[in-house]
Structures are given as C-alpha cells and as structure tokens.
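Enquirer: Here is my input; please provide its structure:
(one chain, ligands or ions: 2)
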Amino acid sequence: MKTVECDVLIKNIGQLLTISSKNVPLTNPNRESLGIIENAYLAIKDGKIIDSGSGRSRIDADRVIDADGCVTLPGFIDSHTHMIFGGKREREFSLRIRGKEYLTIMQEGGGIKSTVYATRAESSEDVFETSNRHLDRALAWGTTTCEVKSGYGLSTEDEIKILEVAQMLEKKHKMDIISTFLGAHEVPEEFSENKKGYVELLLKEMIPEVSKRKLAKFCDVFCEKGVFNRRESEKILKEGLKHGLHSKIHADEFSNIGASELSDKVNAVSCDHLLYTNEKGLFSMKKSGSIAVLLPGTNLFLMKKKVPPINKMRELRVPIAIASDFNPGSSPVIAMPVIISLSCLLYRMTPEEAIVGATINAACAIKKEDAIGSIEKGKEADIVIMDVRNYEEIPYWFAQNRILYVIKRGKVVAGKKRRNLN
Ligand code: NIG
Ligand code: FE
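Expert: Residues are numbered from 1 along each chain as shown. Ligands and ions are numbered 1, 2, ... in the order given. Take a look at the predicted model:
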C-alpha cells in the first residue's frame, strides 16, 4: 500500500548515523550520541528529510538508492576554511621541511602576505574558477556546507572582491557557503608602519561596508603575537558585533596572548586552533558557550608536536568541532574524512568525537544547527553514503576516498557510486 510519497528513498543502510540533535553543541559525545539506526532507510522529499527508521520502508519513492549495507550520515560541515585565494605556496612548504618556521617566513614577507599579492593580482573570474574547483574537490570528499573566510585582500576593495566571489560561489556551486570577514588576518604591506591606521580602516570602513552589503555572517581576527593583539582584536570584533557580524577568533595558535580569553567579551561563537589555550581561556569559552574548532591539518602541515588541551576541554565540557583550515600556507588539506582521521591520530579524539565534530558541532560553529548537521525530520537532506560498514572505519581508512554518494538537498551531486570489495 502506498503511504507517503517521497522523491528519494535510501534503503539497505547498514548504519544510519542520525547524530543526536538534543542539547547541542554536544559535549563529550560517545557512541550513543551518534544515534545509530541499524538496517535503516531514509526518505527525502523536496530536499528535506521526511522520515527515517529501521527495517523496510513502505514509502513509495521516485528514486531508490540502495546503500547496500553501507554507513550513511549527515554531509560533512567544514566550519573553518580560507578557500578563496590566488596562487599557491609550495616553496614555503619546502622551506618548512628544511626547518624554517611559519612565523619567520611570514615576518620575511612570505606567508599570508604573499597570498595577498597573488589574490589582489588575479581577476574575480580567475579567483572564482580556482575556488570553484576547490569546492568540487571538497564536495567529492563529502563536504556539503563550507565556511569561507576572506583575509587575502586586506583592502576594502579586495576584501569585498573575495566576499563577492564567495557570494557568487554560494549562488552557483552546489555547496552551501557561509562567509566570514577576516580583514584582520594580517597587516598589509602598505600599512606596515601604520598598524593603527589599518585597524581604523577595519573599524571605520571595511566592517561597515561588508555589513551594509550583507557579505558576511561572521567577523574573525587572527589574534596572535606579531599580528593583532588582544586590545585590537576586541575592538575589531566588537565593531563587527555592532554591525551584526557574529564573532570568531583565530586563537592561541602559536602562542598565548589571551586570545580565547576574549571569548566572553565578544560572545565568540567559536575559538579556533587553541594549541596554546589554558584553563583561563577555556573558562571564558565555557562562559560564552563558544565552540572549540580544532584544525589538525594545520598541526600536520606545520609539523607541530603541540596539541590542544583536549582532556581539559573534556573535563570542562567545552564542545569541540573539527575543520580543515584549508588554505595555501598552513593546511592544504580539503578532505573532511582526512581531518577526522587526523583528529583521532594527532589529538587522540575518539571516532565518535570526531564525527560529531564534523557534523552537528560544526553546524553549531556556523550557527546552522537548525538546518543541518544531523538526520531528523525537516532538516536539509545533505547526506553522504560511505563505502564502509561500521562508522569506526571512517577514520581508519586514512586518506582513502570512500565516498559513494554525496546528496545535497535530496540530489546526488558527487561520489563514485561504486563499492570496493572489502
Ligand atoms: O588559520 N592563522 C592564520 N591563518 C591561517 C593561515 C593562512 C596562511 O598561511 O595563508 C590559519 O592557519
Ligand atoms: Fe584559519
């Protein structure tokens, strides 16, 4: 008997990870938080999830996808990227391998500044084309929503150029894009003797203009020794808040100048990196309900032994998300399954923590938890089917693309659609 009609029915799902969406963001997630339904089905209509459950579905569908016993879960959410840039920095990679420090390269005019030159020099069309291809690659690895930051323009005109490219990508690419204004990523060359002047430009011109044109949802600051100090960062983020931009902080990445301690002063939605964070910072984050966005790809590429204080985060119940930090310098990693593996391998996060960190907690880090990040009725049908039978295989098959199907709002948009034999 025909009961409900749907557009797409996914059947024979070995494990459906629905992911708990109660009391989000989740702290100290465990197997139960994954909300596993064994031998499951999932029904989609008008791009939304309308039903899921165990056993055979009686729902009649236009299209049936046979998951063939594979794991199915929400599309990955990459909540921290610097996706839009010109050029590349493989030379710096070689220099770092030979022992040169990231911050030294930066102080000598390389690093972020070199990408600023390259990005300024390229036309919007060229930057769009490159970013579009990056997004294709991210989608093929199961990312269905992506935060992107500006920060390689560092002038009003060039920052707007980047954010307009982001807006165009949001319109034209299948990926959903959430934009962040990161004009405070570095002090540009032309202001090297006048940092005060650049901060003024950020406060008086860039933030108001970005807000007026509705080009960003968040404002971010690289609060770090030799970049923006705490006082400057606070001013910038507060100006952002005044203009309707929620705060994010690149915090405690190379040193601790009290960046994450700013969290409760600027109501930070997330503090990202956090290698050098201490209890004080975590208390401040706890107070403001800020999410710790951890970026293990950066650890790997900067070859850093230091890791974030995961046990303290667990003890204080600070929620954790994980992201790629995809950028041309410190993390050319775009694949979220790789980030899941690295979170486990480098940070000793459990597979459950990593999966929650790449789905529902990542949704919270971009304030999209009402629409994505878990599988429940009414949410967007952003789904990945992976060529694994047990979710613990997701971090285990390191750097193998095991994505079979990527489904965005109910439509298959990427994937290999064939199974391996094991
Ligand atoms: O998150 N820390 C600052 N920004 C980026 C690196 C950007 C770059 O090297 O181009 C990061 O690691
Ligand atoms: Fe970053």
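Enquirer: Check what pLDDT the residue at minimal distance from the centre of the chain gets.
Expert: Of all residues in the chain, the one closest to the mean position by CA atoms, centre = their mean is Ser79, 1.9 Å from it. Note for Ser79: predicted pLDDT of 99.
Enquirer: quick one: contacts for it?
Expert: By CB atoms under 8 Å, 6 or more residues apart in numbering, the contact list for Ser79 reads Glu147, Ser270, Val293, Ala321, Ala323, Ala362, Ala363, Ala365, Ile366. All C-beta atoms are positioned from the backbone trio N, CA, C, and that covers glycine.
Enquirer: So the third one sits against Ala321, correct?
Expert: Right, Val293. Yes. Applying CB atoms under 8 Å, one finds Val293 in contact with Ala321, separated by 4.8 Å.
Enquirer: Show me the common contact partners of these two, please.
Expert: Common contacts of Val293 and Ala321 (CB under 8 Å, 6+ apart): Ser79, Ser270, Ala362, Ala365.
Enquirer: Quickly check the residues you listed for the two that are furthest apart.
Expert: Ser270 and Ala362 (9.6 Å; CB to CB).
Enquirer: what do those two both touch?
Expert: Joint contacts of Ser270 and Ala362 (CB under 8 Å, 6+ apart) are Ser79, Val293, Ala321.
Enquirer: ok, so of these, who is nearest ligand 1?
Expert: Val293 (10.2 Å; CB to the nearest ligand atom).
Enquirer: Confirm that the closest one sits in a strand.
Expert: Yes. Counting by DSSP: H, G, I helix; E, B strand; the rest coil, Val293 is part of a strand.
Enquirer: Now do the same for it: its pLDDT.
Expert: 99.
Enquirer: Spit out the contact partners of it.
Expert: Taking CB under 8 Å, 6+ apart as the contact definition, Val293 lies against Ser79, His80, Ser270, Cys271, Asp272, His273, Ile320, Ala321, Ile322, Ala323, Ala362, Ala365.
Enquirer: Need these in CSV (columns: distance to ligand 1 and secondary structure).
Expert: Compiled in CSV, those are given as follows (distance: CB to the nearest ligand atom, whole Å; DSSP: H, G, I helix; E, B strand; the rest coil):
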residue, distance to ligand 1, secondary structure
Ser79, 12, coil
His80, 7, coil
Ser270, 13, strand
Cys271, 12, strand
Asp272, 7, strand
His273, 7, strand
Ile320, 17, strand
Ala321, 14, strand
Ile322, 14, strand
Ala323, 10, coil
Ala362, 16, helix
Ala365, 14, helix
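Enquirer: farthest pair in the residues you listed?
Expert: His273 and Ala362 (15.2 Å).
Enquirer: neighbour count winner among these two?
Expert: Taking other CB atoms under 10 Å, His273 and Ala362 do not tie; Ala362 has more neighbours (32 against 27).
Enquirer: Excluding chain neighbours, what is closest to the more buried one?
Expert: Closest residue in space to Ala362, ignoring its immediate chain neighbours: Ile77 at 3.8 Å, by CB to CB, 6 or more residues apart in numbering.
Enquirer: Correct me if wrong: the one you found contacts Gly142.
Expert: No. Applying CB under 8 Å as the test, Ile77 and Gly142 come out as separate, 10.1 Å apart.
Enquirer: quick one: contacts for Ala140?
Expert: Ala140 touches Asn401, Ile403, Val406, Ala414, Gly415, counting by CB under 8 Å, 6+ apart.
Enquirer: do Gly53 as well
Expert: Contacts of Gly53 (CB under 8 Å, 6+ apart): Ile37, Ala40, Tyr41.
Enquirer: can you give me phi and psi for the last one?
Expert: When you say that, I think you mean Tyr41. Tyr41 adopts backbone torsions of phi -130, psi 160, taken as degrees, to the nearest 10.
Enquirer: what bridges to it?
Expert: Assessed by DSSP bridges, Tyr41 has beta-bridge partners Gly53.
Enquirer: In what element of secondary structure is Asp370 found?
Expert: Here Asp370 is covered by no helix or strand, with elements defined by DSSP states H and E.
Enquirer: distance of it from ligand 1?
Expert: Distance, Asp370 to ligand 1, using CB to the nearest ligand atom, to the nearest Å: 27 Å.
Enquirer: Quick one: neighbours of that residue, just the number.
Expert: Asp370: 12 neighbours (other CB under 10 Å).
Enquirer: With Phe398 instead?
Expert: Using other CB under 10 Å, Phe398 has 12 neighbouring residues.
Enquirer: Also the one 4 residues further on?
Expert: Applying other CB under 10 Å, we find 21 residues neighbouring Arg402.
Enquirer: Next one, pLDDT for the closest residue to it other than its chain neighbours please.
Expert: Distances taken as CB to CB, 6+ apart place Asp387 nearest to Arg402, at 4.3 Å, with adjacent residues excluded. pLDDT, Asp387: 97.
Enquirer: where's Asp387 relative to Gly415, distance?
Expert: Asp387 sits 10 Å away from Gly415, going by CB to CB, to the nearest Å.
Enquirer: Next, show the common contact partners of the two.
Expert: Shared contacts of Asp387 and Gly415 (CB under 8 Å, 6+ apart): Ile403, Leu404.
Enquirer: just checking, next helix/strand downstream of the host helix or strand of Phe128?
Expert: Using DSSP H and E, Phe128 sits in helix 124-140. Downstream of helix 124-140, the next assigned helix or strand under DSSP H and E is strand 143-149.
Enquirer: Quick check: which helices or strands does that following strand pack against?
Expert: Applying 3 or more CB pairs under 8 Å, 6 or more residues apart in numbering; DSSP states H and E, one finds that strand 143-149 contacts strand 76-78, helix 124-140, strand 176-184.
Enquirer: The first one close to ligand 1?
Expert: No. Strand 76-78 does not reach ligand 1 (CB under 6 Å from any ligand atom); its nearest approach is 12.9 Å.
Enquirer: Show residues contacting that strand.
Expert: With CB under 8 Å, 6+ apart, strand 76-78 has contacts from 138, 141-147, 323-324, 326, 336-337, 339, 358-359, 362-363, 365-366, 368, 372-373, 384.
Enquirer: Among the residues you listed, name the buried ones.
Expert: Among these, those classed as buried by 16 or more other CB atoms under 10 Å are 138, 141-147, 323-324, 326, 336-337, 339, 358-359, 362-363, 365-366, 368, 372-373, 384.
Enquirer: How about the contacts made by the residue of the chain found nearest ligand 1?
Expert: Using CB to the nearest ligand atom, Gly329 is the residue of the chain that sits closest to ligand 1, at 2.4 Å. Gly329 is in contact with Arg89, Glu92, Tyr102, Gly111, Ile112, Thr115, counting by CB under 8 Å, 6+ apart.
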